[in-house]
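Engineer: Test case, fold it:
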Amino acid sequence: MIPAPPSGDAYLARLAGILNAELSRKEPTIVGLVYDGTNLLLRFRAPYGVGWVQCQVQSSAVGGGGMTYDPATYASTALVDCRADRLQDRTIAVTAGLRYAVFLVPVQYDGAGTKVMYDGAGGRPDAMASVTTWIGLPTAHNVLSASHGDSTAASCVRGDIITGQGASPLWTRLAKGTEAYYLRSGATDVAWAALAAADLTGTALPAGIVTSSLTAVGALNAGSITSGFGAIDIGADALTAGAGTFGGVVTLNSTEHTSLIFNSTYADAATRNWAIFSNYAAYGDLVIRQSLAKDGNPFGGTGRTVLTFGAAMDATFAAGLTATSLTVGANQVVGAQGLAVADATGGLVIDAEARAALNALLARVRTHGLVAT
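Structural biologist: So this is what the prediction gives:
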């Protein structure tokens, strides 16, 4: 300490008092605190004889320690070495809209090298200096604006989304994709893309998918396709049935007609389309129909019935039946047409009634085509 001047000079006595006050000061002196729009800039001076100051920052955020000193909970803390220079500057990262408290705690080390903090905890003297401040909200600005260093400035357009893009990623506007496209992840970035067969890597479509326009889906291994789905276009590929109790099984369920339609686009005017359907109105008859014109509809006025299997196990052909033979059981009963057989004529003994009956029988056999005429 500086003693009073022997001369009793009032000016020197006042100066000695100021110096003694500074020499006896235990807490750090806060010289200045300013917010530059991004960080808090703090300048302080350590007391004489204090080699270190613990700079602890607490905030009003959850887990930030609050505005009352808490040695265990804080936003940030740093031990500042003041031995070479008592005047120190600190840059403190902050978030707009929060309150902050800065606590400067003198620190010394005893002969055993133990750190002693003069923060009033554990019976130690309290020589802290503190200051509180509130960081106001920034001026309103767009999300993708020059105010954000981690984004690419852009205006908002309806349907846009924001994604991290580029080798040095920035939040960037991604314009809305083509209608019905989905957001597909690539090796590095995301992009809008049409749904492709290769994207369906699972074994089943999710239950929530009720409509789609898939043109190539690989194999449908399980589940069902319900009514109202439109058409399944298998293109040039085959439709393969799955294994069932009786081998490959394709099941069509309906409360009305159940149909299989075979449409051909072969460039031939003679090409006809076919349909096999169960006629619910006729006790479940199975009917095969043919269109009358190329690319025509086998049903209605542009189609005709070729074959009907009735409930009584009967089969009705709308036109003739062409075959090489007809076998009942293991026995052929009708074969190829035989050579012509002439009517019975001449002879020494004539049985007119028998001859008339034989010739009538031959006429009927010729009419049925069993023998040539």
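
Engineer: mind listing what the residue nearest to Gly32 when sequence neighbours are not counted touches?
Structural biologist: Nearest in space to Gly32, with sequence neighbours left out and distances taken as C-beta to C-beta, 6 or more residues apart in numbering, is Arg43 at 4.6 Å. All C-beta spots, glycine's among them, are computed from the backbone N, C-alpha and C. Arg43 makes contact with Ile30, Val31, Gly32, Leu33, Leu87, Gln88, Asp89, Arg90, according to C-beta atoms under 8 Å, 6 or more residues apart in numbering.

Engineer: Just the pLDDT at Arg43, thanks.
Structural biologist: Listed pLDDT for Arg43 reads 96.

Engineer: Just checking: what are the partner strands of the helix or strand encompassing it?
Structural biologist: Element membership for Arg43 (DSSP states H and E) is strand 39-45. In the sheet, strand 39-45 lines up against strand 29-35 (antiparallel), strand 87-93 (antiparallel) (DSSP bridges).

Engineer: Which strands and helices lie in contact with the helix or strand just after it?
Structural biologist: The element immediately downstream of strand 39-45 (helix or strand, assigned by DSSP H and E) is strand 52-59. Applying 3 or more C-beta pairs under 8 Å, 6 or more residues apart in numbering; DSSP states H and E, one finds that strand 52-59 contacts strand 39-45, strand 76-81, strand 87-93, strand 99-109.

Engineer: most neighbours per residue, which of the ones you listed?
Structural biologist: Compared across the helices and strands packed on strand 52-59, strand 99-109 shows the largest average neighbour count, a mean of 21 (mean count of other C-beta atoms under 10 Å).

Engineer: mind giving me the domain split of this protein?
Structural biologist: Here the domain parsing of the chain from automatic domain parsing is 10-134, 242-317, 326-367.

Engineer: and the contacts of Arg43, which two are the farthest apart?
Structural biologist: Spatial extent of those (C-beta to C-beta) is set by the pair Leu33 and Leu87 at 14.3 Å.

Engineer: Straight-line length of stretch 132-147, end to end?
Structural biologist: Taking C-alpha to C-alpha, to the nearest Å, stretch 132-147 runs 26 Å from one end to the other.

Engineer: where does the stretch 51-200 of the chain dip in pLDDT?
Structural biologist: Applying pLDDT under 70 to the stretch 51-200 of the chain picks out residues 137-139, 200.

Engineer: What of the stretch 201-350 of the chain?
Structural biologist: 201-257, 264-271, 279-284, 294-295, 300-302.

Engineer: 80 instead?
Structural biologist: Residue ranges of the stretch 201-350 of the chain with pLDDT under 80: 201-274, 277-285, 292-304, 310-314, 317-322.

Engineer: Between the helices and strands packed on strand 52-59, which one is closest to Ala187.
Structural biologist: Distance to Ala187, taken as C-beta to C-beta, is lowest for strand 87-93 among these, at 34.2 Å.

Engineer: what's the angle from the closest one to strand 76-81?
Structural biologist: Interaxial angle of strand 87-93 relative to strand 76-81 (axes from the mean of the first three to the mean of the last three C-alpha atoms, to 10 degrees): 160 degrees.

Engineer: pull the CA atoms of strand 87-93 into PDB?
Structural biologist: Extracted C-alpha coordinates of strand 87-93, given in PDB (Å, rounded to 0.1, in the frame of the first residue of the first chain):
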ATOM      1  CA  LEU A  87      -6.400  -6.000 -19.900                       C
ATOM      2  CA  GLN A  88      -8.100  -8.800 -21.900                       C
ATOM      3  CA  ASP A  89     -10.700  -8.900 -24.700                       C
ATOM      4  CA  ARG A  90     -13.100 -11.800 -25.200                       C
ATOM      5  CA  THR A  91     -15.500 -12.700 -28.100                       C
ATOM      6  CA  ILE A  92     -18.600 -14.500 -26.800                       C
ATOM      7  CA  ALA A  93     -20.900 -16.300 -29.300                       C
END
